[in-house]
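Peer 1: kindly return the folded structure for what I paste below:
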Amino acid sequence: MSVVGYKARNHPQQVALRGADFEVDDRTTTREMFDPLDARFEFTIDVAASAINARCLRYYTIEDDGLKQSWAGESVWCNPPYSDIRPWVEKAWAEDGRARSVVLLLPANRTEQGWWQDLVEPYRDHGTSLHVEFLRGRQRFIAAGRRHVGANERPPFGLALLIWAPMRPVLP
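Peer 2: Reported below is the predicted structural model:
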């Protein structure tokens with residue numbers, strides 16, 4: 001897939017002008033991506049989900065507002081809306097030490113943005129509880145209203161995991 005002519009649909013500059021496009025934010029993590037992570041972290045709750053895209057039996061919807069809920073004692077999975085990442089990273093830091101683990105799946109092409117520069121870069125892999133893993137290749141998501149990955153459902157960027165947890169080995 002070429003990114004020539006690709007038009008970003010929920011980049012912060014666009015969101016500032018017109019608001020977030022919910023259909024772009026409402027993407028389902030594939031089982032191929034999620035299941036190995038679940039085996040590794042034993043997630044107990046999906047904190048940014050819907051009934052259709054939840055990857056855990058327990059989950060918070062937009063109406064529940066996972067940002068306002070306690071994550072204490074949980075092993076948290078979070079594929080947040082990419083139109084507004086900062087509050088989710090701030091919440092993960094707020095729950096650090098209270099939650100058993102927190103794993104956020106985020107775009108890896110936004111390292112120049114304020115949320116990354118303020119909340120990730122100064123701390124990642126520098127003796128804090130935050131660890132960052134960059135995923136290989138371009139992962140696919142399932143678009144809103146679909147059950148399977150369709151053609152061209154691959155975003156034009158790689159992904160990173162932000163992990164607040166005691167270190168667990170990466171599975172082969």
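Peer 1: quick one, helices of the protein?
Peer 2: Per DSSP state H, the chain carries helices over the ranges 12-18, 22-25, 31-41, 86-95, 114-119.
Peer 1: ranking those helices by burial, who's on top?
Peer 2: Comparing the helices of the chain by mean neighbour count (mean count of other CB atoms under 10 Å), helix 86-95 ranks first with a mean of 18. Quick note: C-beta positions are derived from backbone N, CA and C, even for glycine.
Peer 1: from residue 121, how far out is residue 53?
Peer 2: The gap separating residue 53 from residue 121 is 29 Å, by CB to CB, to the nearest Å.
Peer 1: more neighbours, the two?
Peer 2: More crowded of residue 53 and residue 121, by other CB atoms under 10 Å: residue 53, with 18 against 13.
Peer 1: residue 101 is in contact with residue 41, correct?
Peer 2: Yes - assessed by CB atoms under 8 Å, residue 41 is found in contact with residue 101 at 5.4 Å.
Peer 1: what do these two both touch?
Peer 2: By CB atoms under 8 Å, 6 or more residues apart in numbering, residue 41 and residue 101 have these common neighbours: 75, 165.
Peer 1: residue 68: neighbour count?
Peer 2: Using other CB under 10 Å, residue 68 has 8 other residues around it.
Peer 1: roughly how far does it sit from residue 49?
Peer 2: Residue 68 is 15 Å from residue 49, by CB to CB.
Peer 1: do residue 32 as well
Peer 2: From residue 32 over to residue 49 the distance is 18 Å, taken as CB to CB.
Peer 1: thinking again about what came up before, same list, the helices of the chain, but as JSON lines with mean pLDDT and distance to residue 134 please.
Peer 2: What follows is the helices of the chain, written out as JSON lines (pLDDT from 0 to 100; distance: least, CB to CB, whole Å):
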{"stretch": "helix 12-18", "mean pLDDT": "46", "distance to residue 134": "21"}
{"stretch": "helix 22-25", "mean pLDDT": "49", "distance to residue 134": "22"}
{"stretch": "helix 31-41", "mean pLDDT": "92", "distance to residue 134": "14"}
{"stretch": "helix 86-95", "mean pLDDT": "97", "distance to residue 134": "16"}
{"stretch": "helix 114-119", "mean pLDDT": "95", "distance to residue 134": "13"}
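Peer 1: for those, which one sits closest to residue 61?
Peer 2: For those, proximity to residue 61 was assessed by CB to CB; helix 22-25 is nearest, at 12.5 Å.
Peer 1: rewinding a little: could the helices of the chain go into TSV alongside distance to residue 127?
Peer 2: Conversion of the helices of the chain to TSV gives the following (distance: least, CB to CB, whole Å):
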stretch	distance to residue 127
helix 12-18	30
helix 22-25	33
helix 31-41	21
helix 86-95	15
helix 114-119	16
